[in-house]
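Novice: model this:
(4 chains, ligands or ions: 2)
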Protein chains: 2
Amino acid sequence: MLQLTKRTEYGLIALLHLANSEGRVVPVREIGERFPLPKRVLAESLKDLGRAGIVESQRGAAGGYWLARGAGQITLGEVISALEGAPTLTSCQDLGASNARGQCEVQPVCPIRSPLTRLRQGIWALLEGTTLRSLANPSLTPADLLAAAGSPLSSPLGDQPAA
Amino acid sequence: MLQLTKRTEYGLIALLHLANSEGRVVPVREIGERFPLPKRVLAESLKDLGRAGIVESQRGAAGGYWLARGAGQITLGEVISALEGAPTLTSCQDLGASNARGQCEVQPVCPIRSPLTRLRQGIWALLEGTTLRSLANPSLTPADLLAAAGSPLSSPLGDQPAA
DNA sequence: GGCAATTGGCACCAAATGGGTGCTAATTGG
DNA sequence: CCAATTAGCACCCATTTGGTGCCAATTGCC
Ligand code: SF4
Ligand code: SF4
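Specialist: Residues are numbered from 1 along each chain as shown, chains lettered A, B, ... in the order given. Ligands and ions are numbered 1, 2, ... in the order given. Modelled structure (predicted):
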């Protein structure tokens, strides 16, 4: 399915809240109070984001989370990769870790593998070209996104922001 | 997950084969002989594509399938919509049929709903800008796809049969 | 020190989704 | 009539997803 998971949505909401609270240490409880979503799952998302180096955290009584970088340095692609794995479009094009668990039988003669890889790179360009900051900017149109993603056309994921 | 279903992949493979066999009536058996994929599932995909008006069919002994239109008139977005539903990115932005089954509690205060809708339109533009013909053209780069999708920027889906 | 608030880690469960199969009817050329 | 083919629908099983339980570790504050 071409749809984000709830964990990713929750993580994005949390990140935007952190972006609006720069300079502070924000506990999960606070985010849960502002948005009616299951606090525990939200905590799971933040933990994953922490492991991925997108947020940093502080334990203890006055602990919480904050963005590890500026909101303009965190891309959507990075967040999605951390929370639900990088978008793959096809199941064969994973090459992350689970490519050894039995390859697709069609692969040697598959006519769509290569074309869909190109398409996936287009989507990646979109996701890598969108940062938390540009996400929060409501003036950008889809056409702007396409144009912005089209110009740098950076590395096919794995690299840092181009903005 | 941001990944196509197997049914969609099989359907696309079948469609490309049909595109290479224009003027003929192709039975499912023939496609199954050329590509090592479960014939039954392939048949399911073709049936769905038939219901969506993307392919036409003929029953009986010399029956089979053929493209309802030219390969340049069939878009990826249309195929995906027929085989696994239109890409939604978020679960709330479905508005197809299952929007009455309990809305998301966060929606009234959700900070990512509108931004992700813009993003989704960008992805849709990519998918609607890619036809079977351009899919089969290996010379197009991701940048070309983005550029091609950016210029027409047609309707955000919805003017298609989709039912 | 002790307590409460907080993150970290792991296992687990229930529902939804996805991949695939069985079976049978309807159509049609020979 | 027969064989090949599409059409329809129900069903099963594995994986994924959304969500919870439980407890350990850390840390500010009294
Ligand atoms: S080889 Fe082709 S059919 Fe197999 S997973 Fe890749 S794209 Fe899909
Ligand atoms: S309202 Fe927000 S949290 Fe709810 S489904 Fe839509 S995007 Fe996700």
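Novice: what about stretch A:23-43, how long is it end to end?
Specialist: One end of stretch A:23-43 to the other measures 20 Å (Cα to Cα, to the nearest Å).
Novice: so for that stretch, what gets flagged as buried?
Specialist: When burial is assessed from 16 or more other Cβ atoms under 10 Å in any protein chain shown, stretch A:23-43 yields the following buried residues: A:26-28, A:31-32, A:35, A:37, A:42-43. (Each C-beta comes from the backbone N, C-alpha and C, glycine too.)
Novice: number of residues surrounding the closest residue to A:Leu4 other than its chain neighbours?
Specialist: If the residues on either side of it in the chain are set aside, A:Leu4 comes closest to B:Leu89, at 5.7 Å by Cβ to Cβ, 6 or more residues apart in numbering or on different chains. Under the neighbour criterion other Cβ atoms under 10 Å in any protein chain shown, B:Leu89 is assigned a count of 21.
Novice: ditto for the one 5 residues further on
Specialist: Counted with other Cβ under 10 Å, the neighbours of B:Asp94 add up to 14.
Novice: try A:Arg59
Specialist: Burial of A:Arg59 is recorded as 7 neighbouring residues (other Cβ under 10 Å).
Novice: per-residue pLDDT, it?
Specialist: pLDDT recorded at A:Arg59 is 97.
Novice: A:Arg51 too?
Specialist: The predicted structure scores A:Arg51 at 97 on the pLDDT scale.
Novice: return the distance of the residue in chain A that DNA strand D sits nearest to relative to A:Val25.
Specialist: When Cβ to the nearest atom of the strand is the measure, chain A has its nearest residue to DNA strand D at A:Gly60, with 1.9 Å between them. Per Cβ to Cβ, to the nearest Å, A:Gly60 is found 10 Å from A:Val25.
Novice: one more: A:Glu33?
Specialist: Looking at A:Glu33 against A:Val25, where the rule is Cβ to Cβ, the gap reads 15 Å.
Novice: surely the residue nearest to A:Leu4 meets A:Met1?
Specialist: No. Proximity of B:Leu89 to A:Met1 does not meet the contact threshold set by Cβ atoms under 8 Å, at 10.2 Å.
Novice: host element of A:Ala43?
Specialist: Assigning secondary structure by DSSP states H and E places A:Ala43 in helix A:39-51.
Novice: and the helix or strand following that helix, is it in reach of DNA strand D?
Specialist: Towards the C-terminus, the helix or strand next in line after helix A:39-51, according to DSSP H and E, is strand A:55-58. Yes. Strand A:55-58 comes into contact with DNA strand D (Cβ under 7 Å from any atom of the strand), by way of A:Gln58.
Novice: report the buried residues of stretch A:63-83.
Specialist: Counting neighbours by 16+ other Cβ under 10 Å, one finds that the buried residues in stretch A:63-83 are A:64-69, A:71, A:73-83.
Novice: wait, does that stretch contact chain B?
Specialist: Yes. If you take Cβ under 8 Å from any Cβ of the partner chain as the test, stretch A:63-83 does meet chain B, through A:76, A:80.
Novice: quick one: that stretch near ligand 2?
Specialist: No. With Cβ under 6 Å from any ligand atom as the criterion, ligand 2 is not reached by stretch A:63-83; the gap is at least 13.1 Å.
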